[in-house]
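S.K.: everything below, folded, please.
(one chain, ligands or ions: 2)
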Amino acid sequence: MGWAHFRCHTSLVTYPGGMGDGEKYEAVIGLEVHVQLKTQSKAFSGSRCGFGEVPNTATDPVIMGLPGALPVINHEAIRQTVRAGLMFNCDISPLCRWDRKNYFYPDNPKNYQISQQGLPICVGGSVEIELPGPARNIMGPHRSVRLNRIHLEEDVGKLTHCGDYSLIDFNRAGTPLAEIVSEPDIFSPDEAAACLNSIRMSLESACISDCNMEKGQMRCDVNVSLRPVGSKELGNRTELKNLNSISGVRNAIFYEIRRQREILEAGGTPTQGTRRWNAEQGISEGMRSKENAQDYCYFPEPDLMPVHIHTELVEELRKTLPGSPFDRQRRFMQQFDLPYTITSVICFDYNLSRFFEQTLIFHHNPRGIANLIINDLLRELSQNLLPPGDFGISPKDLAQLVKLSDGGQISKQAAQDVLVEVFRTGDGVGTIIERLGCTQSQNPDELMAICREVIGKNPKAVGEFRAGKTAAINALKGQVMKVTGGKANPAQVNIALGELLN
Ligand code: ADP
Ligand code: MG
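M.R.: Ligands and ions are numbered 1, 2, ... in the order given. Take a look at the predicted model:
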């Protein structure tokens, strides 16, 4: 299968092994995204959430479904779900309710999962996505993917299959999950990836979920169907369960589009059903023909009261939210005259955006500060594991470094070296500068004397400069820097040499 065109709503995008030119079919995709909410305790019990702890230590009788144990609602989980809804402009239901989704499987000792079928916390809404741009350095076109709902439910235990037996860990069981359900409003693998990225950025920046897909904090079911181009009806869909990486989602959709197209072209109809993505082999495998709501025998959870969500609470929670990452990026590009490439790194991390703006308070050079952050600070952070929101240096110290380098008191190189030292030693900027002695010589008389000496010792370069080869001044500059041990201010050296030579 070679490179081919694949029709997506806004543009013709080229994909390897995609659909052929003059393609008859169009892909329609809907996502169900599960994110673990950042709460101390579980959704319907007081047990702590225990990621990475000794298996089966973060449970209690409610989680284990022991007789007589009753669920209680975790208010924080509701608040976080409301906040998620507000991030995506959903309507918040004044009244929500709990339902039992019944199924029998070892990851779930109660034999039902508490979820919300009829009255979810959030209804409607949309996710803004950025489509692949025409060039790397400008924002690509944006559009929104409509959401159907966001509801709160509980996670199940984690099964690890080991040949002819399986291990079960209930630490994850009961962890609050927000399930974000999109409308079938996505038309290409890249749009699906963009949608997941956007959801992750928004939830991370609002501290609703860490959305770490490697840790299973964000997982995705992907629904894919094909329909004839121009048709408004939806085709039979397959649902790919529990994808845990964005590249996995893209690959699975590419594969599924190809598989379904081959069936359609052979005159068949894809069967509606659930499939498993086998990432090692890069194929999807049939699991079961799709169960529908009846198979789960949903009924209202008798042990939990419906919950009223008052407008006062909604308004209070709205005040705790950051703006959308894309809004922030548009603002940073405009207000600070920063390029797309820089803003797309800074703005999609809310803590980093805040750190950047706090630094600007102490020294307003957005470009200089952004460059030091992107080129140096992020490298140091990737090598030194720090808790989220800790940048290893205070905004004031970072501002001071850029300010000193802008004012010519230290060189750009020295600013970078000092930053490395901050991470190595934990000392403040002032202390390190003093210790390294990297302030640039500011005494003009001293500098003039050094320049005069260098000119005297380098008649060849001086001759070339006077003969019109202006670049020869660089050799002299290099000598001055060498004599001063790199402490001279390059701009001042330029001026001094220029004066003496002319
Ligand atoms: P279920 O809960 O049984 O999986 P839903 O009707 O709630 O079913 O839909 C789940 C997801 O599937 C939603 O994201 C929806 O947009 C998507 N979807 C529904 N029908 C189709 C279709 N024909 N093609 C692609 N996606 C679809
Ligand atoms: Mg589903």
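S.K.: now do the contacts for the spatially closest residue to residue 122 that is not a sequence neighbour.
M.R.: Closest residue to residue 122 apart from its sequence neighbours, by CB to CB, 6 or more residues apart in numbering: residue 85 at 3.1 Å. In this view, the C-beta of every residue, glycine as well, is placed from N, C-alpha and C. Neighbouring residues of residue 85 by CB atoms under 8 Å, 6 or more residues apart in numbering: 91-92, 121-122, 125, 150.
S.K.: roughly how far apart are residue 85 and residue 93?
M.R.: Noted for residue 85: a distance of 9 Å to residue 93, by CB to CB, to the nearest Å.
S.K.: check residue 311 too.
M.R.: From residue 311 over to residue 93 (counting by CB to CB), the distance is 12 Å.
S.K.: who's more crowded, the two?
M.R.: Neighbours were counted for residue 311 and for residue 93 using other CB atoms under 10 Å; residue 93 has more, 21 against 9.
S.K.: didn't that one look like it was pressed against residue 119?
M.R.: Yes. With contact taken as CB atoms under 8 Å, residue 93 and residue 119 are classed as touching, separated by 5.9 Å.
S.K.: overlap of the contact sets of these two?
M.R.: With CB under 8 Å, 6+ apart, residue 93 and residue 119 have no common neighbours.
S.K.: excluding residues flanking it in the chain, which one is nearest residue 453?
M.R.: Using CB to CB, 6+ apart, the closest residue to residue 453 is residue 483 (7.5 Å).
S.K.: going by neighbour count, which of the contacts of residue 85 comes out on top?
M.R.: residue 122 (30 neighbours).
S.K.: circling back: identify the contacts common to residue 85 and residue 93.
M.R.: 121-122.
S.K.: look up the pLDDT of the residue nearest to residue 453 for me, please.
M.R.: At residue 483 the predicted local confidence, pLDDT, stands at 83.
S.K.: ok, now residue 492?
M.R.: On the pLDDT scale, residue 492 gets 79.
S.K.: was I right to think it contacts residue 444?
M.R.: Yes. The pair residue 492 and residue 444 passes the contact test of CB under 8 Å, sitting 7.2 Å apart.
S.K.: these two: who's more crowded?
M.R.: Using other CB under 10 Å as the criterion, residue 492 and residue 444 rank with residue 492 on top: 18 against 11.
S.K.: against which helices or strands is the particular helix or strand that has residue 247 in it packed?
M.R.: Assigned by DSSP states H and E, residue 247 belongs to helix 246-265. Other helices and strands packing on helix 246-265, by 3 or more CB pairs under 8 Å, 6 or more residues apart in numbering; DSSP states H and E, are strand 25-36, helix 189-205, strand 218-228, strand 238-243, strand 273-278, strand 283-289.
S.K.: by contact count, what packs against the first one?
M.R.: Packed against strand 25-36, as judged by 3+ CB pairs under 8 Å, 6+ apart, are the following elements: strand 176-182, helix 189-205, strand 218-228, helix 246-265.
S.K.: out of these, nearest to residue 420?
M.R.: Judged by CB to CB, the one of the helices and strands packed on strand 25-36 that comes nearest to residue 420 is helix 189-205, at 27.5 Å.
S.K.: do the closest one and ligand 1 meet?
M.R.: No. Helix 189-205 does not reach ligand 1 (CB under 6 Å from any ligand atom); its nearest approach is 10.6 Å.
S.K.: next, the angle from that helix to strand 218-228.
M.R.: 150 degrees (axes from the mean of the first three to the mean of the last three CA atoms, to 10 degrees).
S.K.: put the alpha carbons of helix 189-205 into CSV.
M.R.: Taking Å, rounded to 0.1, in the frame of the first residue of the first chain, the C-alpha atoms of helix 189-205 are listed here in CSV:
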residue,chain,number,x,y,z
PRO,A,189,-6.4,10.1,12.5
ASP,A,190,-4.5,13.4,12.8
GLU,A,191,-7.7,15.2,14.0
ALA,A,192,-8.2,12.4,16.6
ALA,A,193,-4.6,13.0,17.8
ALA,A,194,-5.1,16.7,17.9
CYS,A,195,-8.3,16.3,19.9
LEU,A,196,-6.6,14.1,22.4
ASN,A,197,-3.7,16.5,22.7
SER,A,198,-6.1,19.4,23.3
ILE,A,199,-8.1,17.5,25.9
ARG,A,200,-4.8,16.6,27.7
MET,A,201,-3.5,20.2,27.6
SER,A,202,-6.7,21.6,29.0
LEU,A,203,-7.1,19.1,31.8
GLU,A,204,-3.5,19.2,32.8
SER,A,205,-3.4,23.0,32.9
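S.K.: off-centre distance for that helix?
M.R.: How far helix 189-205 lies from its chain's middle: 7 Å, per CA atoms, centre = their mean, to the nearest Å.
S.K.: could you check the angle it makes with strand 238-243?
M.R.: Using the same axes, to 10 degrees, helix 189-205 lies at 40 degrees relative to strand 238-243.
S.K.: please name every helix or strand in contact with helix 189-205.
M.R.: Right, helix 189-205 is packed against strand 25-36, helix 75-87, strand 126-130, strand 218-228, helix 246-265, helix 325-335, helix 350-362 by 3+ CB pairs under 8 Å, 6+ apart.
S.K.: let's go with 7 Å and repeat that
M.R.: Applying 3 or more CB pairs under 7 Å, 6 or more residues apart in numbering; DSSP states H and E, we find helix 189-205 packed against strand 25-36, helix 75-87, strand 126-130, strand 218-228, helix 246-265, helix 325-335.
S.K.: and residue 108, that's in a strand?
M.R.: No. Residue 108: not assigned to a strand; according to DSSP: H, G, I helix; E, B strand; the rest coil it is coil.
S.K.: contacts only, for it.
M.R.: 156-157 (CB atoms under 7 Å, 6 or more residues apart in numbering).
S.K.: mind running it again at 10 Å?
M.R.: Neighbour list for residue 108: 65, 101-102, 154-157, 168, 170, 173 [criterion: CB atoms under 10 Å, 6 or more residues apart in numbering].
S.K.: same check, this time on residue 411
M.R.: By CB under 10 Å, 6+ apart, the residues touching residue 411 are 404-405, 417, 438-440, 481, 486-490.
S.K.: so which of the helices and strands packed on helix 189-205 comes closest to ligand 1?
M.R.: strand 25-36 (2.4 Å; CB to the nearest ligand atom).
S.K.: export the closest one to CSV, keeping only CA atoms.
M.R.: What follows is strand 25-36, C-alpha atoms only, in CSV (Å, rounded to 0.1, in the frame of the first residue of the first chain):
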residue,chain,number,x,y,z
TYR,A,25,-15.3,6.7,1.4
GLU,A,26,-14.9,9.1,4.3
ALA,A,27,-13.9,8.1,7.8
VAL,A,28,-16.0,9.2,10.8
ILE,A,29,-14.5,8.9,14.2
GLY,A,30,-15.8,9.4,17.8
LEU,A,31,-13.7,9.3,20.9
GLU,A,32,-14.5,8.2,24.4
VAL,A,33,-11.7,9.5,26.6
HIS,A,34,-11.3,8.3,30.2
VAL,A,35,-9.2,10.5,32.5
GLN,A,36,-8.4,9.8,36.1
